[in-house]
Structures are given as C-alpha cells and as structure tokens.
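In: pasting the sequence and the predicted coordinates here, then a few questions.
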Amino acid sequence: MQQQLSEAFTIMLTGMITVFVFLTLLLMAMALLRRFAIQPQTDTATSQSSAARETSTDNQRLAAITAAVHAYRRDHE
Amino acid sequence: MQQQLSEAFTIMLTGMITVFVFLTLLLMAMALLRRFAIQPQTDTATSQSSAARETSTDNQRLAAITAAVHAYRRDHE
Amino acid sequence: MQQQLSEAFTIMLTGMITVFVFLTLLLMAMALLRRFAIQPQTDTATSQSSAARETSTDNQRLAAITAAVHAYRRDHE
Amino acid sequence: MERWLTLWQSTALSAFGWEDAAMMLVGAILLFLAIRKKFEPLLLLPIGFGAILANIPLAGFNEPGGILYYIYVVGIDTGVFPLLIFMGVGAMTDFGPLLANPRTLLLGAAAQFGIFATLFGAIALNAIPGFDFSMQDAAAIAIIGGADGPTAIFLASKLSPDLLGAIAVAAYSYMALVPIIQPPIMKLLTTKAERAVRMEQLRQVGQREKILFPLAVLFLTLLFLPTATPLVGMFCLGNLMREAGVVERLSKTAQNELINIVTIFLGLAVGSKLSAAEFLNVQTLGILALGAVAFAIGTASGVLMAKLMARFSKAPINPLIGAAGVSAVPMAARVVNKVGLDANQSNYLLMHAMGPNVAGVLGSAVAAGILLALVG
Amino acid sequence: MERWLTLWQSTALSAFGWEDAAMMLVGAILLFLAIRKKFEPLLLLPIGFGAILANIPLAGFNEPGGILYYIYVVGIDTGVFPLLIFMGVGAMTDFGPLLANPRTLLLGAAAQFGIFATLFGAIALNAIPGFDFSMQDAAAIAIIGGADGPTAIFLASKLSPDLLGAIAVAAYSYMALVPIIQPPIMKLLTTKAERAVRMEQLRQVGQREKILFPLAVLFLTLLFLPTATPLVGMFCLGNLMREAGVVERLSKTAQNELINIVTIFLGLAVGSKLSAAEFLNVQTLGILALGAVAFAIGTASGVLMAKLMARFSKAPINPLIGAAGVSAVPMAARVVNKVGLDANQSNYLLMHAMGPNVAGVLGSAVAAGILLALVG
Amino acid sequence: MERWLTLWQSTALSAFGWEDAAMMLVGAILLFLAIRKKFEPLLLLPIGFGAILANIPLAGFNEPGGILYYIYVVGIDTGVFPLLIFMGVGAMTDFGPLLANPRTLLLGAAAQFGIFATLFGAIALNAIPGFDFSMQDAAAIAIIGGADGPTAIFLASKLSPDLLGAIAVAAYSYMALVPIIQPPIMKLLTTKAERAVRMEQLRQVGQREKILFPLAVLFLTLLFLPTATPLVGMFCLGNLMREAGVVERLSKTAQNELINIVTIFLGLAVGSKLSAAEFLNVQTLGILALGAVAFAIGTASGVLMAKLMARFSKAPINPLIGAAGVSAVPMAARVVNKVGLDANQSNYLLMHAMGPNVAGVLGSAVAAGILLALVG
Ligand code: NA
Ligand code: NA
Ligand code: NA
C-alpha cells in the first residue's frame, strides 16, 4: 500500500511535469510556426490561392440550388 | 411424418396463441402508456420545450428562406 | 534472364492481343446493343416515363427552398 | 502456345456448366424484375447482381479471398446486416397511427397465421417425394409469410442457411407482388358495403407516447420473448433514436447512409447464396409455392380478424385494413387504400392501414422469436 | 404441454435475477438522462440502450453470435472506434482561437492535474476495504478527469477493460454535468473583479498556420510520446483534412456520416460492458466519486493556473478561461462564457475559452499517452 | 529516476533510426504534394499521413493491436477496399460518350500497351545489378501504366504486396502529373493540323442503352476473363446502380459517403505499407522510372492508334483523343481538351476524349485480369 502510494505519487509528478514540458515545447513550436507561416502569407502564390478560394466560394453559392435538388431527391424518394 | 405433422400443428397452435397473448399484453401496455403519457403533456415544462422547438424551427425556416433567396439571386444574376 | 525476357515478351504479345480481341468483341456487342436498345426508345412507355421525370424535376425545383433548410443546417451546426 | 492455353483454361467458357448459366439467368431475371418491373429494386438489384457474380466459374467470389465470401461471413453469418437494416427501418417507422388506434395491433397478430400455417404446410409437403424439409427449414420458409425481408433473412441465416437465397428471393418477390396477390383475396372476403366503410379520423399522438412506445415494446419482449430481442431490440433502438428528438444526426444516418451501405452488402451477400446446388432443385419450387400460400393466408387472416373486430366495435372498422397486417410496409397499406377507393371514391384508408401495417412488422418479429425459441 | 414449457423456459421471466433487472434500470436511467435531461444524448442513448440489451437473460447479445459481442470485438477491443471518433472530432475542431493565443496551451496543461491527482486518489482509496484498484485501474479511472469520452474509452480498453463501462458512463455523465460542477468552483477561486476582466480581441489566424499546426503537434508527439500517437495522430489527421482545403469531401464524411455510424456502434458496445458483475459493486461508486473529484480538481487547477498567468501577463487574462482547460468541448467554454457574463454583462469569453478548451483535448490525449507509457 | 528512464525509453528519440526519419520525410513530401500541389489529394493526403504514422518507432501502428494493421488486414489483404472504390467510380462514370462513339474503345485498348511494354521493361531491368523483379512483381509494376489507382492497388495486393506502397504512390503521383507528362508526347506525335481537327457532335444515348451496357461488359468479362470479374463486376454494379434509375439512394451513397469512408481507410492502409524496408531501396527508383515510362508509352500508343483510325475513318478523328485512353479520369480528357484548344481556339474535345477515357478504365481492368490469369 505504502509502496503503491509512493509509486502513484511519482507517476503524478512525472506525468504533470511531462505534460507541461510537452505543451511548452508545442508552445515554442507554435511561435516558430507563426513566424514561418505568416511571412509567405503575402506572397503571390498564397494570394492567388485565396483568390481562387473566393471564386470557388462564389461557385458554391451559385450551385446551392443544384445541391438542394439532390437533398430534395434523397428526402422525397 | 405423422409425428412431424403433429409437432408442426402444435407449433402452429402455440405460436398463434403466443403472438396473440403477446400483442394483447402490448395492447394493455399501450393503454397504460397513453394514460401515463397524456397527463404531463400539458405541464409547463413540456409546453415550454415544445414552444422552444417551434420557435427554433421557425427561425430555421426564416434563415433557410433567406439563404435560398441569396443563392437564387446569385444564380440568376 | 534470357528465358524470363522471352516469357515477358510472350505475355506482352498475348496480353495486347487479348485486350484488343476483348474490346473488339465489346465493340460488336455495343453495335447489337444499340440496335436492340434504340428501337423501343420511341414507344409510349418510355416517353411516359420521361414525362414523369420532367414533372418530378419541376417539383424538385419548386421545393428547392425546403431542401435548402437541410443544407443550411448542416453547414451551420 | 502454352500461354494461350493458360488463358483459355482461365476463361469461363472452358469451365461453364449449364447450372452456372441457369443461375446467371436467374440473376438476370431478378435484375429485370428490379429495373423494369420495379420489384423491390433496392434489394433485388444487388441480389440479382450478386447471383450473377457468385456463379461465374473460376472467379471465386464465394471462396475465401472473394469479396462476396467476406461480405457473407461478416454480415449474414453473424446476423449483423439484417439487424442493422432493421434498426434503420425502425428509424423510418412512425408508430403514430398504431398508437392512435391500438386495437389494430390484433390485425398485425392475426396476419401472422400466414407464417404458422405455412410451417404446417411445409411439413405436409414432405409427403410429396423429393421434399424433405426439417422443422428448421419449415420455420425458415414459413417466415416468408411475415412479408418482412430482414426478418426472413435473419431467421433463415440462423435456422436454415442453405435455403437463405431462395427464401430471401421469395420474400422480396412476393412483397413486390402484394398489389397483385392481395386484392382478389380482399374482395373475395368482403362485400362492397364493407369495403366502402369510412373510419373515424385518428387522434393526434403526443411525442412522449411515441418515445415510450419502443421502450414498452422492448420491455415486454425481453420479459416474455428474449429470442425476439435481437430483431425487436434493434428495431426499437432505431425508433427511439427517431422519436427521442435529441439524436437526430444518428437517426438520419441510420435511415440513410448506414442503411444504404448495408443494403448494398446485404443484397450482394444474399445473391451469393443463389448457387445452383442450393437453388436449382424442387425444394425451391416448394418454397416459392409455400411463400405465395403464406401471403394469401396472412392476408385472409387479417381481413377475417378485421371483420370479427368490426362486429364487436362501436367505432366503424373497414375490414380491408386487416390485409395490411402482413406488413410489407408501406406497399400493403397502399393496396388497402386503393381497394378502398375503388369501393368508395372518398374513402382514404391509408393512415388507418398504417396501424396494422407497422403492427405486422412487430408481429412477424415476435413470430420469428417464437420460432427461434421452439425449433432453434 | 411440453412445448409451453419450452417457451416458458425460454422467457426471461424464468431466468431473471435481480442483478439483471438492476442493470436494466441503470440502462433506463441513462436513457432518461439522455432524452429528458439531454445529458450527452449522442452517446448516453446508445449506451443506455446497449446496457438494457446486454443484460437480457438468454438473449445472448454479449456472447459469440450476438451483435453486441461482434461490435465490441471489432471496435473496442481493437481500439478502432474511439480512434475514428477522435478523427471526426479533429475534423470538427477549429484550432484558430488556440493559435491566436498560444499561451492558453498552458491552461490545457494545468487542467490535466485533475487526471494525475485522481490516479493518486484511486490508489489512496485502496485503504478502504472493498477497493483494490491496480495501477492500471487507477490510470484508467483517472482519465475521466480528461473530460474527453473517446480518450477515456481508448485508455480504459487498453488498461482496464473490466472497468470500461463504468468509466465511460462516468466520463460522459460528468461532461454533461459540467454546467453544474464547474461554476461553484470557478466562483470560489476568483473575485468578481477577476471574473469581469475583458480580454483583447483575438488576431486572425492564416490558413497555412492552421494546416501546419496539426503536423507540428504530430511531430512533437511522435518524437517524445509515441504511445500518444494513436490518439493524437488520428485527431491530427482529422484536423488536417479539415484545414487542408483539398479533401473537403473526406472531411465532411469524417465529421458526419462516419462519426455518426461509429457513435451508434461505440455507444452500444460501451453499453454492453455494463454487466452486473462488473458494474454492481462498490468499485463503481468509487469510480463515480473519483470522477467527480477529477473534474473538480481539473477545473480548479485550470483556474489557478490562469490566475498565475494573469499576474505575469501584460495582456489581461480572465482567470475563468482556465476552467475550459478540462476540455468537454464546447460545453466548458460555454460555461466560462456564461459565468463571465454573470460578472460583466458585456464580457463575451467564448472565443477566449475555446483556446484552452481545445488545448485540453490535446492535453488529455498527451496524458493518456504518458499513462500508457508508465503503467501500460 | 527509474520512471524518467521508462518515459525516455518510451520516447521515439531513443529508438529512432535514420530509415524511420527518411520514411516520415517521404510521408511529409506526399502531404506537401497533396496539399500544396493538389496532386490527387483525396488519396495522397491519407497515404502520406499513413506513411508518417506507420514509421513512428514504438507506436506499433502496423502491428496487431494497431489501427493501421487492422485496416490493412480487413481492407487490402482481402481486396475489399479497392473493389468498393471501383464500385463507387462505376457509379460516378457516364458511359454516354463511349456509347455515342464506340470505336473509341480501341483507343482504350491501344493505351494498355503502356502496361505490357512496362512488364517487359521491368524484366529487362533485372539486367542491372540490384534489381530482381519476379514476373509477379513486374506485372504489379506494369499496371501503373493503367493510370487507375484502385486497379493498381488491387493487382499489387494480389501479386506483390511488398511493392504495394511504392506502386500505389507511383500510380497516384503520375496520375497527378498527367498534365505535365502527356502534352509533350502528344505534340511530338501530331502535327498542328491534326491537333486542330474538329470532330462531329456526339449523338444522344438512350437510357436503355446505358442500362444494358454494364451488363454487356459483365457478360463478356465473365465469359472470357473471369479473373477480371472482381474489378469489372464491381465497376459494372456501380454503373448499373447509377443508370437503372430505381436505386438512386444506393447509387448516391456509393458515390459519396461509402467511397469517402473507404478512401480514407484505403489511403491510410496504403501509407502503412511505406516502410523503410520495403521502400528505401533501388527497386523503388526502378518502379518510379518504369511508371513514368509506362505512362509515356501508353500515351504514345493511344495517339498513334488514333492516327491510324483517323486514316481509315470517314468521320474526322482528332488523334489527341487517343491520349485519353490511359484513363486517369477525368484529368487525361481535360489535358486533351486543353492541348486541342491550344491548336484551335474553338475546338472543344472534352466530350470526345471522355469516350477513350472511360474505355481506358475498362481496358486496364481487363489488362489486370489478363495479368492475374497469366502470372497470378
Ligand atoms: Na409481418
Ligand atoms: Na482534457
Ligand atoms: Na487505364
């Protein structure tokens, strides 16, 4: 019992420290990520792709009625 | 053969009686159910919740019509 | 090695011939199919069913708003 | 040259027997019925296709390594697929009309006489040389009279897997033939005046009643007929998901994508059991004949029970609605409605027939449980 | 006569024990909580129903040949179902609020103290006669404090399958009780002024950052905690499908049909573990008590950590958001928002609480990996 | 201290080898190609992710108990997943353009020369030290030239499971590279005048013809090439469900939810075969080189066949459409359209190229059947 308790205590300590170390590492990784990711946000490739996305969103809206037909068919078969 | 036939006959009898007994029990259970279920139908909790459900359905309908109109307009611009 | 190569060569020949023979048979089957299938294209049963399909397409258009509810809910949950 | 020989020996032409060809023809006929005649196409199309695939010589669909083999072992041997279909059917079923008029439960009970009479008939058929149905076989055949596909497949997979193919095909075929089989029997047993009877409008049923009903069914079943709980339990789970109102996304999935996926697989697996050895014999003819008899007796029992109830009831009862007790949802209820309209142009019986119709589903699941308990 | 005896012996009435009845009552209570009280109905409805089915005498749902047996073996024994749920949850999770304010990761870390303290507590409970939790049991119980259903089921199925039913029920029940458990603790540990603190608006997060984040999480996990990679990996796969923008049809399916199908099966399989032998004992009471303690400690740790961070931070931090670190997405974040509004009617904390909330999901998956590594 | 050691030994850092890291890099490259370059993302994203997961030391994804292990055993070992994908592809395929111009079937036949020439090439490569492809290996590699993912995975799983990962990656990568690989070859083999040829408008194809076509394909296949029936049969089942018009809900599910679910699993399972031992060797380089050659030869054969047909045809034939015979639906047809537009700004070849395009799918399934018959 005594031994089990001390083992549980060690696991508690080890575990919490590991969780904090791990998530702190992730925190640091996120800082790197942000620096890495934000910079090319403004380059042409990305803006192109975001333009493409807008267009496709428009297409999606345009196609709403088409899509509704499918839903309707499925529901009213 | 003779024995098989009489066995089949017994199963037929037993089966039909059991089906009737079982569904008659269910019939009685449904009578209880109805009495039990109808009474609290009028209490405030239920009516509140059904009111809430209607409202949210109404909202969804309104929102859906708005959305559909948008989609339709875009489609026909 | 030599033997493997000649085996591969035989497979290549056999394979290509079989592919061509098989798809040529299919080509002939398609000619039969066309003759068989086109004739009853004009009978009343088919035109009826295509009429029915048009009507249901109309219904589908009419119900587009109803169906939009589903699409909208799913997207905004 | 040797290579061409290999190829030739691997063609089916060299290995074809007339039985294989005959079974493929059976598959083609099922496809024709499904596509052209719209006979229960959701099941008969995959069943017919599966029958063709299963009988291709040398292709090995039914052997370990073949896709139909795996589907059968995973879904039918275990009983999982029919139970999932039943869950989906439960999620599609509205018990409102039955709850509004509970007495129609008895019509769903009476129509099960089609099942038990057919069991007797199957054993009687053993008098004819060439037939040798065991009691298990007879029970599996009899369930065709339940007019409920998943129940028939589930019971046949437990009691008589060899007959599964023929039983499933008979069950779905006759369900599709309900508009042809039932009306003559219905008209024979009723007068025009009886068929013209209008029934009172059904009361509104509250949500709480609908939620508690599947639980009540489950409760009675687990007390008295545990062998029926797989079928009834999954059915009630589906229905509870539908009515609870708090798990709509699960209910929708059970009614749509899940049941569709399982239907494709179930159909293929049933088709895979349509092998020459198990289908091309006189027993199959017996099964088809017994199935037709079962439907006819079930219809007649339902109608006669409705006539009996009409005699003792204050509220008017149109005896036609008894015919819907065989289940075959919703086809049988539509047939009732049509025959009713023929007798009285303003007599809409559809909702009144839905009560016995869904009662018939419960009734045949209960009957399946009884058969499992008695001969399983 | 003999036939009636067979039927009677096949009824549950003859075989019922009070334990079966008690476990069905437990199932019925879960259904009541799910349907009437809306306690995590997506899981508790199938769990409750599965519990009823599993305890029907003579029905054999849990034995080879029974549907619950197959579902359990295929989906829980293998760990596949909780992992697929986790993939779907990943596809539903927006890491934007966490990426906008990365420090809230530490709140998700602090709240995991609920897990590890409970592990200690479970072992301490062994001092009371009647309790005899192994270290594996204690770890599986402790994960209830992670407030994350699939993580709890996954870990319990690996470490302590016998306790799986009780652990899953406790986890989902307490997740549903978050609005009752958390507010008193949150108010106890904060002043009204602290609760009224408004936080700065979050920055916009770019798509590229969102795509790289799940990959970064996966990378760190595989380097340092391979035992956490099943959970974290499937979660990150779902999230990557969501954010990549090129596989929208896969992402939608993972978020809808696939997770719905798996949820039905997972619930039934968990319910099938609610057998009398494994549930009706004092250990279950211990598990329920420990689970409540775990939630409370997790909440308190999160809030205290937020207070500590607020002291050292230039930007204002409302300590309430620490409570969301237990996960229970999105319930805990909504509770934070509500308690915040009570203190300051124009203080909307929802998005600020979503950061620690999703961090809590990662945190408990990481904690599960640690427990697997240390006691697995 | 000892506990820290346990944790450390359970980290991947202590167990990492450079091969694991290299394979994860391969996975990351596949993710990059999928997300950034939009290379067949539906498959390459899960494949890449699966490759990363499979190579995490100590995580055991590929061992019994690991999710990738189960997915592989259930779906690839049995051949079920590629067949289900093929069924879904069949349900998405419109054979109208092929039925309107049946002669384009021959283009789909000619393009399969890419497959058989590559088989010869793979054996020839054995002359180089380090290569030792068996005839089975060579056949599995050659099928890359079929430009059809599920066919390649199905055949590789039957003939050469060790090479499955490399073959699947090559197949999908080159399918994505079709717009880069094909145009130079197409331009080399045609004059500008040929590329500018306009073709006559296609006739309308009736529903009945579309229903009977998959059945005719199945019929010929089962007569002459039973080994091709798994692939062709499931494809035809999907197409029949699409065209029959009576099972729309099954067809929609096969095209959407079912194929999406299977795609996620198939991708992960293929990724799980990207292990260092099986991928990091000179054979993989050989496979990649042979795959490129196969695509080039297939494209050239299709174009040359189209030139030959144009010489003998009364109706004008644009030889570019031969390039679509490799399948890679619908990418190859789009490439034809684009190259055609470059030569003649009012020349829309898309629908004309769809005929050979879908013929190519049939052609490579037939070729797979032949290879199974000859070397399986
Ligand atoms: Na019935
Ligand atoms: Na958590
Ligand atoms: Na091809």
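Out: Looks like it arrived, so ask away. Numbers count the residues shown, from 1 in each chain, chains lettered A, B, ... in the order given. Ligands and ions are numbered 1, 2, ... in the order given.
In: residues near whichever residue of the stretch 151-300 of chain D sits closest to chain C, how many?
Out: Residue nearest to chain C within the stretch 151-300 of chain D (C-beta to the nearest C-beta): residue D:249, separated by 8.4 Å. C-beta: built from backbone N, CA, C; applies to glycine. Residues contacting residue D:249 under the criterion other C-beta atoms under 10 Å in any protein chain shown number 16.
In: likewise for residue D:191?
Out: Around residue D:191 there are 11 other residues, counting by other C-beta under 10 Å.
In: rewinding a little: ok, the residue of the stretch 151-300 of chain D closest to chain C - contacts?
Out: Residues near residue D:249 by C-beta atoms under 8 Å, 6 or more residues apart in numbering or on different chains: E:42, E:256, E:260.
In: which of the residues you listed lies closest to residue B:15?
Out: Nearest to residue B:15 among those: residue E:260, at 37.9 Å, using C-beta to C-beta.
In: I'd guessed that closest one sits against residue D:250; true?
Out: Yes - when contacts are counted by C-beta atoms under 8 Å, residue E:260 is listed as touching residue D:250 (5.5 Å).
In: which one's more surrounded, the two?
Out: Set side by side, residue E:260 and residue D:250 give different neighbour counts by other C-beta under 10 Å, the larger being at residue D:250 (27 against 22).
In: now do the same for residue D:8: its pLDDT.
Out: The score at residue D:8 is 71. That number is its pLDDT.
In: tell me the secondary structure at it.
Out: For residue D:8, the assignment made with DSSP: H, G, I helix; E, B strand; the rest coil gives helix.
In: burial count for it?
Out: Here the number of neighbours of residue D:8 (other C-beta under 10 Å) works out to 12.
In: what does residue D:47 give?
Out: Residue D:47 has 29 neighbouring residues, counting by other C-beta under 10 Å.
In: same question for residue D:136.
Out: By other C-beta under 10 Å, the residues close to residue D:136 number 18.
In: my guess is it contacts residue D:157, does it?
Out: No - the pair residue D:136 and residue D:157 fails to qualify as a contact (C-beta under 8 Å) at a distance of 11.7 Å.
In: quick one, phi/psi of residue D:127?
Out: Comment: the main-chain dihedrals of residue D:127 come out as phi -60, psi -30, following degrees, to the nearest 10.
In: that one contacts residue B:1, doesn't it?
Out: Yes - counting by C-beta under 8 Å, residue D:127 touches residue B:1, with 6.7 Å between them.
In: poorly predicted segments of chain A, please.
Out: Scanning chain A for pLDDT under 70 picks out the ranges A:38-77.
In: helices or strands up against the helix of greatest length in it?
Out: Longest among the helix segments of chain A by residue count, using DSSP state H, is helix A:2-38. Packed against helix A:2-38, as judged by 3 or more C-beta pairs under 8 Å, 6 or more residues apart in numbering or on different chains; DSSP states H and E, are the following elements: helix E:105-110, helix E:113-125, helix E:135-142, helix E:207-224, helix E:350-375, helix F:2-9.
In: mind listing what residue D:123 touches?
Out: With contact taken as C-beta under 8 Å, 6+ apart, residue D:123 is in contact with B:4, B:5, B:7, B:8, D:133, D:135, D:138.
In: of those residues, buried ones?
Out: B:7, B:8, D:133, D:135, D:138 (16 or more other C-beta atoms under 10 Å in any protein chain shown).
In: got the phi and psi for residue D:245?
Out: phi 80, psi 0.
In: any idea of the pLDDT on it?
Out: As summarised for this prediction, residue D:245 has a pLDDT of 94.
In: could you measure from the closest residue to it other than its chain neighbours over to residue D:213?
Out: For residue D:245, ignoring the flanking residues on the chain, the nearest one in space by C-beta to C-beta, 6 or more residues apart in numbering or on different chains is residue D:207 at 6.9 Å. Distance of residue D:207 to residue D:213, given as C-beta to C-beta, to the nearest Å: 11 Å.
In: do residue D:103 as well
Out: Using C-beta to C-beta, we find residue D:103 at a distance of 15 Å from residue D:213.
In: follow-up on the earlier one: of the helices and strands packed on helix A:2-38, which is nearest residue E:305?
Out: For the helices and strands packed on helix A:2-38, proximity to residue E:305 was assessed by C-beta to C-beta; helix E:105-110 is nearest, at 3.4 Å.
In: just curious, which of the contacts of residue D:249 is nearest to residue E:273?
Out: Ranked by distance to residue E:273 (C-beta to C-beta), these are led by residue E:42 at 18.0 Å.
In: tell me which residue is most central in chain D.
Out: residue D:148 (1.9 Å; C-alpha atoms, centre = their mean).
In: thought that residue was touching residue D:364?
Out: Yes - judged on C-beta under 8 Å, residue D:148 makes contact with residue D:364 at a distance of 4.9 Å.
In: who touches both of those two?
Out: With C-beta under 8 Å, 6+ apart as the test, residue D:148 and residue D:364 both reach residue D:327.
In: contact partners for residue D:277?
Out: Contacts of residue D:277 (C-beta under 8 Å, 6+ apart): residue D:19.
In: swap in 10 Å and give it another go.
Out: Contact analysis of residue D:277 by C-beta atoms under 10 Å, 6 or more residues apart in numbering or on different chains lists D:19, D:23, D:162.
In: return the item of the residues you listed having minimum pLDDT.
Out: Minimum pLDDT for those is recorded at residue D:19 (89).
In: excluding chain neighbours, what is closest to that residue?
Out: For residue D:19, the nearest residue in space outside its immediate sequence neighbours is residue D:276; the separation is 3.4 Å by C-beta to C-beta, 6+ apart.
In: the one you found contacts residue D:27, doesn't it?
Out: No - counting by C-beta atoms under 10 Å, residue D:276 sits too far from residue D:27 to count as a contact (11.5 Å).
In: what is the burial count for residue A:27?
Out: 16.
In: my guess is it contacts residue E:99. True?
Out: No - using C-beta under 10 Å, residue A:27 and residue E:99 do not qualify as a contacting pair, with a distance of 11.2 Å.
In: which residues do the two both contact?
Out: Here residue A:27 and residue E:99 share no contacting residue, scored by C-beta under 10 Å, 6+ apart.
In: identify the farthest-apart pair in the buried ones among the contacts of residue D:123.
Out: B:7 and D:133 (12.5 Å).
In: what is in contact with these two at once?
Out: Common contacts of residue B:7 and residue D:133, defined by C-beta under 10 Å, 6+ apart, comprise D:119, D:123.
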